[in-house]
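Enquirer: quick one: sequence and predicted model below, then my questions.
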Amino acid sequence: MQLMLIRHGMTAGNLEHCYVGRRTDECLCPAGIQLVQEQAALLSDMVPDVVFASPMRRCRETAEILFPGQPQILHPDLAECDFGQFEGKNYQELSGDPAYQAWIDSGGTLPFPGGESREAFIERCCRALEELVLSHSFETAAVVVHGGTCMAVLSELEASHTPYFDWKIPHCVPFCCQVTRTVPLRLKYEKRK
């Protein structure tokens with residue numbers, strides 16, 4: 001079995017470098033739509049048996065453009081992290097905020113104030129993906145989610161044990177992984193040639 005982890009196209013908040021998480025249900029912006037359309041042409045040879053997605057609009061819209069007409073199986077726990085008080089703000093707006101500075105100084109290990117901890121976020125994303133893999137039959141599945149969701153899954157389940165913040169997840173670029181084990185779920189990332 002193969003999973004293609006794909007981060008959604010850009011939103012207006014992404015272009016402004018805002019924390020766009022679970023509380024902000026933005027749609028794709030025009031530049032995001034254009035990027036997804038361009039990627040759809042490049043991915044036309046990669047037709048998945050099933051499409052899993054976050055229920056957030058940006059993910060559903062991306063999945064529809066990439067894989068038109070394919071039913072989407074949505075799981076609420078694939079949604080982006082809850083950024084709490086940082087939601088919808090960028091680093092410039094947060095500079096000078098003691099809570100933001102404390103979070104930065106912690107290397108991102110503190111929970112977001114009023115939001116989610118990284119550990120809880122990783123656990124819910126991995127649990128959701130494992131549930132989907134175990135409950136559906138497929139050879140190839142597209143998983144259209146968020147950058148943070150991809151980082152969570154890859155940092156926890158991928159064989160290299162690459163740390164969370166070392167995964168750089170561009171918009172609409174598939175990260176193809178072989179499922180090497182289903183219980184517990186384990187993955188092996190395979191760079192596209």
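Expert: All right, it came through fine. Numbering: from 1, shown residues only.

Enquirer: so what's the residue most central in space within the chain up against?
Expert: Taking C-alpha atoms, centre = their mean, the centroid of the chain lies closest to His146, which sits 2.4 Å from it. Contact partners of His146, counting by C-beta atoms under 8 Å, 6 or more residues apart in numbering, are Arg7, His8, Ser54, Met56, Arg58, Cys59, Leu78, Ala79, Glu80, Cys81. (Each C-beta comes from the backbone N, C-alpha and C, glycine too.)

Enquirer: where's the fifth one, which helix or strand?
Expert: By that I understand Arg58. Taking DSSP states H and E as the criterion, Arg58 maps to helix 57-66.

Enquirer: can you map out the helices along this structure?
Expert: 12-15, 30-42, 57-66, 91-94, 98-105, 118-135, 147-157 (DSSP state H).

Enquirer: re earlier: just the ones of the contacts of His146 in strands?
Expert: Under the assignment DSSP state E, these contribute Arg7 to strands.

Enquirer: quick one: buried ones out of the contacts of His146?
Expert: Among the contacts of His146, those classed as buried by 16 or more other C-beta atoms under 10 Å are Arg7, His8, Ser54, Met56, Arg58, Cys59, Leu78, Ala79, Glu80, Cys81.

Enquirer: hmm, back to that, ok, the residue nearest to the centre of the chain to Thr11 distance?
Expert: From His146 across to Thr11, the span is 10 Å (C-beta to C-beta, to the nearest Å).

Enquirer: shared neighbours of these two, anything?
Expert: In contact with both His146 and Thr11: Arg58, using C-beta under 8 Å, 6+ apart.

Enquirer: quick check: mean pLDDT across stretch 115-125?
Expert: In this model, stretch 115-125 carries a mean pLDDT of 97.

Enquirer: what's the answer for stretch 3-17, then?
Expert: Averaging pLDDT along stretch 3-17 yields 97.

Enquirer: so how far is it off the chain centroid?
Expert: Chain-centre distance of stretch 3-17: 8 Å, with C-alpha atoms, centre = their mean, to the nearest Å.
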